[in-house]
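J.: coords below, sequence missing:
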């Protein structure tokens, strides 16, 4: 039987785009792709900024511009790898309105407009897939959409930013300082010249919103969620964590709170050494899912890179092609409009707090009385250094985050306190 | 719009069956199930050996016998949780022939007859899904079928038997002896009274065959594959591994060899501490996949238990229901008839070999000359104990497995050798 042809166009020929073109043209994969797509994938065009400039590995006949590509009458699947919000969103909308399925790796676009784009796709009988937007090559989103569609999820914990995990892993293994490791990561190309999207947690926050939408049904419409980066994490904090049996990771968290609440947040956290997330090193990404019936599940893999990310895109292309051939499309995630967002301040957590103090009599008493006044109970305390370089490190029992924030604010106003160095959550109070 | 009804029948009301019924009837999941199934799932019957005996949690009106259930005219999906080969296979075949989709957790049946059953399903427009047959609640098979359908996989490494991983983890953490930990596992219900299916690697071998069929296209037709269990692993081996920076795990391996070869095997292996599989503890299962473009990927979760396994079954039921509603079915895995099975003896691996010897002059020379005669080069040697209790522990460089086997056979015939205690492969030669 003649296999139907499924026409694929790609916007963007960067790392991911060119890796995808290679995968699509790899003779060793040809049969597997036809089997999986239930059709012949035909790459009809690759849109680049300047189609007159040749690209190595790309037949010049394929090069085109995005407007021409999106307006082709025969396009079945548009792969969007250009990034950014505009004009990308317009291209995506225009394709979806014409019933063309869209596959994207654009986390910012999905977090900003995912609900509307998924609904637009559904209205026009098309798919809108974005596996590569979270965790690079780690196929977590399809698992949430399909394998776990009937599971009731309590919490999703993600190490979803490779740059910050690389930095924190280096700080842990080498005892190095944040600034030195950041500079090294920049030199190696693991961090951007302006690293703020990574180190301030913006990238992870977009990914948390996407994970949360599939795990709980929260909307994707450009909300801001609670976000703390890793710029305040010092070598002394990493060393304290190590001695106490923890590693510090930047976690993206989406968590059910009570029956109808969801907390979404990004922050550094102390993870017990025994936790599977603790052994996720370097630029690897991992997503840890806690389901009511499934118990803990974890996905681990390369969070970035052209080839790994292209495999996630390819998985989506094959899924969209199968759907196209059988004349159906996947139903988008269901928005649960009864959900309310729970603010991070309303959650109860244990904290590690480190304070630089002047080492003189009575300081600990003043500090402890501030903790007590805010109802934050101390589990353990350690003093290190002396004189002007003294440091008090506390692990608290479970406490309301807002109470801890008030404690920290008041500590910062105490004359004997130079500064509050760290205020880092301890995952599950350190329970092992 | 009225949602179509999808009728589900279940054979077997053990741990997994009763957990599945609870998930299907859980009011908190109702909406999510309807959304994911794109229809109303209706549980029409649960087949048990004696339908006249009541079961807690199961409405007596649902109880029936398997023949009556399979012969219902209105059945859409049959869930087979009875286990065993016959009469189970007959029920499954009978359902598939009538176009009823089948979901099973029966690894033995799939390894024995999976190719034929998948083709039978395809001929009759039905699905044949078996996610729960490998890794309990870990959704690895759907990922191989969909997300990685276009990826070229080099190797799959699985810790896919919870009982043996529990035993080896206890031996590692407590330094205990195999026999003691086995007895403890039996007392705790982690191991059967007759543990051979687990400790001799039969269970893992069936799972390797299933993973290999999806990763490489090898057939599922009851072949025997190379298999070594953990009964020969001693506390001294675990301790040697620990000091050398390894943990011993029972690995199921499916590996591409050259262009058209596949090796499938089960054996204990020394895993470097830094490898993600090394931190898979207790009864957890994990599958580690190495793809050409994706790089390393790992899935981790509960390998057994009624509820986790039921979530995997439920994922399949939802997938089959969606397909039923849209009038399509998934294409079964493609058999690659050009593949040849590579025997374990033809592979090159590093080994850990431990020999109990009589401590007297010249023994090491005799032993070393036997290694040399077979072309097995020694990377390091350690002697422990003395007199009648002396033990020589070797790590070899890469060597042909058949040469190592010949070495071990000849060592066993040496007068000064009491016995060869261990001959355990070192993953990737210990490369970190």
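T.: The structure has been received and is ready for your questions. Nothing here was measured: the structure is a model prediction, and the numbers come from that model. Numbers count the residues shown, from 1 in each chain, chains lettered A, B, ... in the order given.
J.: how does chain A divide into domains?
T.: A:5-136+A:306-325, A:142-302, A:344-430 (automatic domain parsing).
J.: could you dump the ones you listed to JSON lines with mean pLDDT and distance to residue B:248?
T.: C-betas here are computed from N, CA, C, even on glycine. Shown next, in JSON lines, are the domains of chain A (pLDDT from 0 to 100; distance: least, C-beta to C-beta, whole Å):
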{"stretch": "domain A:5-136+A:306-325", "mean pLDDT": "96", "distance to residue B:248": "30"}
{"stretch": "domain A:142-302", "mean pLDDT": "96", "distance to residue B:248": "18"}
{"stretch": "domain A:344-430", "mean pLDDT": "93", "distance to residue B:248": "29"}
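J.: Helix or strand next in line after the helix or strand encompassing residue A:173, which one?
T.: Assigned by DSSP states H and E, residue A:173 belongs to helix A:162-174. Going down the chain from helix A:162-174, the next helix or strand is helix A:178-187, by DSSP H and E.
J.: Relative to the whole chain's centre, how far out is that next one?
T.: 21 Å (C-alpha atoms, centre = their mean, to the nearest Å).
J.: Return the set of buried residues in whichever helix or strand comes after it.
T.: Next along the chain after helix A:178-187, taking DSSP H and E as the criterion, comes helix A:196-199. For helix A:196-199, the neighbour count (16 or more other C-beta atoms under 10 Å in any protein chain shown) marks A:197, A:198, A:199 as buried.
J.: wait, which of the domains of chain A is closest to residue B:22?
T.: In terms of C-beta to C-beta, the element of the domains of chain A nearest to residue B:22 is domain A:142-302, at 8.4 Å.
J.: Now do the same contact list for the residue sitting furthest away from the middle of chain A.
T.: When each C-alpha in chain A is compared with the mean C-alpha position (C-alpha atoms, centre = their mean), residue A:361 comes out farthest, at 45.6 Å. By C-beta atoms under 8 Å, 6 or more residues apart in numbering or on different chains, the contact set of residue A:361 is empty.
J.: just the helices in the stretch 1-150 of chain A please.
T.: A:15-25, A:30-37, A:66-70, A:88-97, A:107-123, A:140-145 (DSSP state H, counting those that start in this stretch).
J.: Which among those helices is found nearest to chain B?
T.: helix A:30-37 (3.5 Å; C-beta to the nearest C-beta).
J.: who's in contact with that closest one?
T.: By C-beta under 8 Å, 6+ apart, helix A:30-37 touches A:3, A:6, A:24, A:40-41, A:317-318, A:321-322, A:325, B:146, B:149-150, B:152, B:331, B:334.
J.: Which of those fall within strands?
T.: The members of the contacts of helix A:30-37 that map onto strands under DSSP state E are A:6, A:40, A:41.
J.: quick one: the second one from residue A:327, how far?
T.: What that stands for is residue A:40. 17 Å (C-beta to C-beta, to the nearest Å).
J.: Might you report the residue contacts of residue A:17?
T.: A:10, A:11, A:46, A:79, A:81.
J.: just residue A:349 next, same as before
T.: A:398, A:399, A:401, A:404, A:425, A:426, A:429.
J.: Let me see the contact set for residue A:407.
T.: Per C-beta under 8 Å, 6+ apart, neighbours of residue A:407: A:353, A:370, A:371, A:374, A:376.
J.: Closest one of the residues you listed to chain B?
T.: Checking the contacts of residue A:407 against chain B with C-beta to the nearest C-beta, the nearest one is residue A:353 at 28.9 Å.
J.: Go ahead and report the secondary structure state at the closest one.
T.: Residue A:353 falls in the strand class when you classify it by DSSP: H, G, I helix; E, B strand; the rest coil.
J.: Dig out what it forms beta bridges with.
T.: residue A:394, residue A:423 (DSSP bridges).
J.: Help me confirm that it comes into contact with residue A:404.
T.: Yes. Between residue A:353 and residue A:404 there is a contact under C-beta atoms under 8 Å: 7.4 Å.
J.: Is the nearest residue to residue A:208 once chain neighbours are set aside in a helix, a strand, or coil?
T.: Leaving aside its chain neighbours, residue A:208 sits nearest to residue A:252 (3.9 Å; criterion: C-beta to C-beta, 6 or more residues apart in numbering or on different chains). With three-state DSSP as the basis, residue A:252 sits in strand.
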